[in-house]
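1. With the sequence up front, the predicted model follows.
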Amino acid sequence: MRLRNNPNAMDILKENNNLVVLEPEKHRGKWKELFNNDNPIFIEVGMGKGDFVYGNAQAYPDVNFIGIERYPSVLAAAVNKINKSPALPNLRVIKFDASLLEEIFAYGEVAKLFLNFSDPWPKSRHAKRRLTSPQFLDIYKKVLDNDAIIEFKTDNRLLFEYSLVTFSAYPMHLEYVSLDLHNSKENETNIQTEYERKFSKFGPIYKAIVRY
């Protein structure tokens, strides 16, 4: 779900450098120094308007959260929305392309990765662009620690089926699979994205938790 281009997006990001990390490459291998603690680092790839990453940072103050968004207009909208709520010391956001994660995170620096309602790229010729493709799983493996997990949510059944196949074939261990998250026990602790709140009424939400 993409917003209309905001010509002032980069200015908004620069004006909020207490929340936005403008040069993430400089913190590779040193993110815990930025947060000034030794807490684990969880990242969300494709954070959208930031509801999920903010909600998690609020719920889990002993974890450092980094939201990653490729599109500046989307990230600027997230920053404006986050600024309406109390500031959280364990939250940062960055504008970055997930295909280059190893340029900003060292091996083993990330303890958990969230993928929420990623673009399904339904055409076969675009399969490599899916954030659960083997190509992206290779990238994540280079920054996740040995015991890290990936949590994946989607409302797209075809993307979910594709992802289960790629996870299993990689191979990765499937620790949890739900075909209807909102009607499962785990929904008690489920923090929803804005997209999830709007569109879950149209069908089930699928979730998988996997480990390398």
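-> Ah, there it is.
2. Enumerate the positions of the biggest strand by length in the chain that are buried.
-> Longest strand of the chain, by residue count under DSSP state E: strand 144-154. Neighbour-count burial for strand 144-154 flags 144, 148-154 (criterion: 16 or more other C-beta atoms under 10 Å). (Glycine included, C-beta is placed from N, CA and C.)
3. Flag whichever of these scores worst on pLDDT.
-> Lowest pLDDT within those is found at A148 (94).
4. thought it was touching I209?
-> No. Between A148 and I209 there is no contact under C-beta atoms under 8 Å: 11.2 Å.
5. anything in contact with each of these two?
-> Both A148 and I209 lack any common contact, where contact means C-beta atoms under 8 Å, 6 or more residues apart in numbering.
6. hey, where'd the strands end up in the chain?
-> 41-45, 64-69, 91-95, 110-116, 144-154, 173-178, 206-211.
7. what are the C-alpha coordinates of the last one, in PDB please?
-> What follows is strand 206-211, C-alpha atoms only, in PDB (Å, rounded to 0.1, in the frame of the first residue of the first chain):
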ATOM      1  CA  TYR A 206      -1.500 -16.100   7.900                       C
ATOM      2  CA  LYS A 207       1.600 -16.300  10.100                       C
ATOM      3  CA  ALA A 208       4.800 -18.300  10.200                       C
ATOM      4  CA  ILE A 209       7.700 -18.300  12.600                       C
ATOM      5  CA  VAL A 210      10.900 -19.800  11.200                       C
ATOM      6  CA  ARG A 211      14.500 -20.400  12.200                       C
END
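8. which other helices and strands contact it?
-> strand 144-154, helix 157-169, strand 173-178 (3 or more C-beta pairs under 8 Å, 6 or more residues apart in numbering; DSSP states H and E).
9. Give the rounded mean pLDDT of the last one.
-> If I follow you right, that is strand 173-178. Here the average pLDDT along strand 173-178 is 97.
10. If we go by neighbour counts, what in that strand is buried?
-> S178.
11. how about the residue nearest to T132 when sequence neighbours are not counted, what does it touch?
-> Nearest residue to T132, sequence neighbours excluded (C-beta to C-beta, 6 or more residues apart in numbering): S163, at 3.9 Å. Listed by C-beta under 8 Å, 6+ apart, the contact set of S163 reads 130, 132, 152, 154, 208.
12. Brilliant, that's me finished.
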